[in-house]
Structure formats: structure tokens, C-alpha cells
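K.L.:
need a 3D model of the following:
(3 chains)
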Amino acid sequence: MSVKEAIYAWYKTNGRHDLPWRQTNDAYKIYLSEIMLQQTQVKTVLERFYFPFLERFPTLQSVAVAPLDDVLKMWEGLGYYTRARNLHHTAIICKGVLPKNPEELGGLRGIGKSTAHAICSFAYHQALPILDANVKRVLCRYFALSIKDEKVLWEKAWKLLAVKHPYEHNQAMMDIGAMICTSKNPNCLACPLEFTCKGKNAPESYPKAVKKAKVPTKKRFALVVFQEGKLGLIQRKERLLHGLWGFVQVDEKPKGVHSLGKVAHTYSHFKLELEIIQGDALHVNVDGYFTEEEIESLALSTVDKKIIQKIFSSK
DNA sequence: CAGACGTGGTG
DNA sequence: TCACCAAGTCT
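P.N.:
Below is the predicted model:
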């Protein structure tokens, strides 16, 4: 049995066939799963976001006609909110109908080459390889590649895809990466590629780990302003958390003010230490004032929800 | 083309 | 406590 046949056989028996986005032909539902799963654990998407989102937005057209704020609200807590804005934009541009070829798909906001191929493979059963983190790791180990060179990996992926069942092959490669050829403690004995794997004697060294610069810490101040029992909030305009609602933040500590405590939050590229300051409504510009109940319907980032929690728990 | 971009889980 | 990771894309 060739390695390709072994991969296929392994998938039939051991693949994650129960994943909901594998039990549909609806390109929108597959596209949505691909976007949600970018840099995000399957467990998180499955248990907290995929079904509620589809409940609120059952079709791409329903996303297209909805206000962006509603889409962001369903994305609240998932992170990388540009994905939600790109999804909304794409829904409008496509008029609710996704194209069926990788070139057009890849031209849409938020859809790169790997996601375009994944949609074409999983929704339309086209013979195109995918190259996500799982597949990259499997390929690097199987061919003993120390460096994740995109060009080389795409070539390897194309060659391995020359099989009778490209759909199953792609799903299998992801499942093997997620379940067997894991980043830490890979289970080589259970791997269908083990027999001819060039990296099995030192899987941890393929690909070679690259050192990440450790993230800086920023100390800032969150301003809490009340007006007639309502909280003053802004809708963020900067790149980080764009479109989400939250408290005004400043770099310098305002003078002669009352501190309500501190919250810390870690982003992918910096750590934030926030001191919560009771501000003066006359000197803080906000986009609106909201009751605790009204805030429930706004999309807030995790750090702002931490602040809300702090404010209302200490009362 | 490195860095920006969120969050929660894990060893 | 902390580094690293998890179905990447954009600038």
C-alpha cells in the first residue's frame, strides 16, 4: 500500500467525520467554518460560535443585508475581528453567492490561497491542495524540511494530492496534523505516513522552531464616565478592535481622579495593563451613553467586558 | 515582508 | 507565570 492509500484508509476509519462543516455541501457554511477556524481551535468554534452564528445568519445573503454591528456581535469573544468585517464585506460584494473558482475566491477580502483552496475542495470537490498549519507540519516532518518554505510546501502538497479522492486526502492531512502529527508529543506509531516518514526520528525538529520576540507591556488608563446612570462608550476606529465598543483609553494618567481597580489583558503582540479611572463626563468625548442592559446588545472586546464586570461587581 | 491582528488552552 | 500554539490574511 502506498502512503497515499494509507492516508485515505486512515481517514475512512479515523477521520473527524462528525464535524458539522463536513456534513454539508453548503459553500457558505464551509466558508464560515474556514474563516472562524483561522488561528482558532476547533473546540472554541464548535462549542461557542459556529451554531449561534448560523442560527442568526443562516445564509450568506442574511449576512449581506445585516448591519455590520450585528455580525460583530455574533463574533464577540472570537477575536481577530477583521475576519467578521471581511465576511460582511464579502457577503455584500458577492450578493450572497460565493464564486466557484480559487482565483475569484482568493480575490475576496479575508480569503487567502489556502482558504480559497479549502472552499473549492470541501464545498465543490475540486482537486486543489490546502496548506494550513496542520498540513505544513505534516509535510515538513514527512519530508524532513527544517524551513517552512511556502513555495516548496505548495509543490509537495500538489504532488501528494495526485490521488483518486482529493477531498478525503485534504481532510485526512488536516486530521493527521491535528490528531497524530501534533506540534508537541506526536503519536508517530499511529500515523499512516510513519512507514516512509523522513522526520519520524526527530519530529520535534521539523520544522525548526523560530524564536518569537517576547511581547512588550503597555500601561494605559481606561476612562469610565457616567451620565444619569448610563456608561459612556466609544466605537473603536483604530485598527485594533475596529468597530467594537469599549471604554476610552489614554496613555497618561488623568490628575486628581478616583481609581476603580486594574485589569490586565494579553493580546497576540502586546500585554495591556489597564488602570480603570472614574472620569469626568465633561472632559471625555464618547459616542454614546448606555444602560447596563443596552450594553448587552453591543459588541465589546474581552478587555472591555472585564472592565464592565469589575464595575458592576463592585457595586 | 516582518509585524499586526484576539482569545483561550496547554505543558 | 509564561511561552507557545490553533484550519491565516493583510499591509
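K.L.:
run through who's touching stretch A:171-180.
P.N.:
Residues outside stretch A:171-180 that contact it (C-beta atoms under 8 Å, 6 or more residues apart in numbering) are A:7-8, A:10-11, A:14-16, A:22, A:42, A:122, A:130, A:132-138, A:160, A:186-188, A:190-193. Quick note: C-beta positions are derived from backbone N, CA and C, even for glycine.
K.L.:
any idea of the pLDDT on A:A213?
P.N.:
A:A213 carries a pLDDT score of 81 in this model.
K.L.:
also A:S314?
P.N.:
For A:S314, pLDDT reads 64.
K.L.:
try A:D304
P.N.:
As predicted, A:D304 sits at a pLDDT of 98.
K.L.:
that one: which element?
P.N.:
A:D304 belongs to helix A:302-313 when assigned by DSSP states H and E.
K.L.:
from A:R83, how far off is A:H89?
P.N.:
11 Å (C-beta to C-beta, to the nearest Å).
K.L.:
give the residues shared as contacts by those two.
P.N.:
In contact with both A:H89 and A:R83: A:G110, using C-beta under 8 Å, 6+ apart.
K.L.:
interface residues of the stretch 201-315 of chain A facing DNA strand B?
P.N.:
The stretch 201-315 of chain A has residues A:213, A:238-242, A:265-269, A:301-303 near DNA strand B, with proximity defined as C-beta under 7 Å from any atom of the strand.
K.L.:
what are the buried residues along the helix holding A:D304?
P.N.:
For helix A:302-313, the buried set under the neighbour-count rule, 16 or more other C-beta atoms under 10 Å, comprises A:303-304, A:306-308, A:310-311.
K.L.:
ok, which of the contacts of stretch A:171-180 also contact DNA strand C?
P.N.:
Answer for the contacts of stretch A:171-180 near DNA strand C (C-beta under 7 Å from any atom of the strand): A:16, A:22, A:42, A:132-134, A:137.
K.L.:
helix A:302-313 and the helix or strand containing A:F221, what's the angle between them?
P.N.:
Using DSSP H and E, A:F221 sits within strand A:217-224. Orientation check (axes from the mean of the first three to the mean of the last three C-alpha atoms, to 10 degrees): strand A:217-224 against helix A:302-313 gives 50 degrees.
K.L.:
and strand A:217-224, anywhere near DNA strand C?
P.N.:
No. Judged by C-beta under 7 Å from any atom of the strand, strand A:217-224 and DNA strand C are separated, with a smallest distance of 9.3 Å.
K.L.:
just stretch A:68-85 next, same as before
P.N.:
Yes. Stretch A:68-85 comes into contact with DNA strand C (C-beta under 7 Å from any atom of the strand), by way of A:80, A:82.
K.L.:
how long is that stretch from one end to the other?
P.N.:
7 Å (C-alpha to C-alpha, to the nearest Å).
K.L.:
chain center to that stretch, what's the gap?
P.N.:
On the basis of C-alpha atoms, centre = their mean, to the nearest Å, stretch A:68-85 sits 10 Å off its chain's mean C-alpha point.
K.L.:
over to stretch A:268-275?
P.N.:
20 Å.
K.L.:
stretch A:289-301 now?
P.N.:
Stretch A:289-301 sits 24 Å away from the centroid of its parent chain (C-alpha atoms, centre = their mean).
K.L.:
output it as CSV, nothing but the C-alphas.
P.N.:
C-alpha atoms of stretch A:289-301 as CSV (Å, rounded to 0.1, in the frame of the first residue of the first chain):
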residue,chain,number,x,y,z
TYR,A,289,-24.3,56.6,26.9
PHE,A,290,-25.8,53.2,27.6
THR,A,291,-27.5,51.4,30.4
GLU,A,292,-26.2,48.0,31.5
GLU,A,293,-29.0,46.4,29.5
GLU,A,294,-28.2,48.3,26.4
ILE,A,295,-24.6,47.4,26.6
GLU,A,296,-25.6,43.8,26.4
SER,A,297,-26.6,44.3,22.7
LEU,A,298,-23.3,45.9,21.8
ALA,A,299,-20.2,44.1,20.6
LEU,A,300,-17.4,44.5,23.2
SER,A,301,-13.9,43.1,23.3
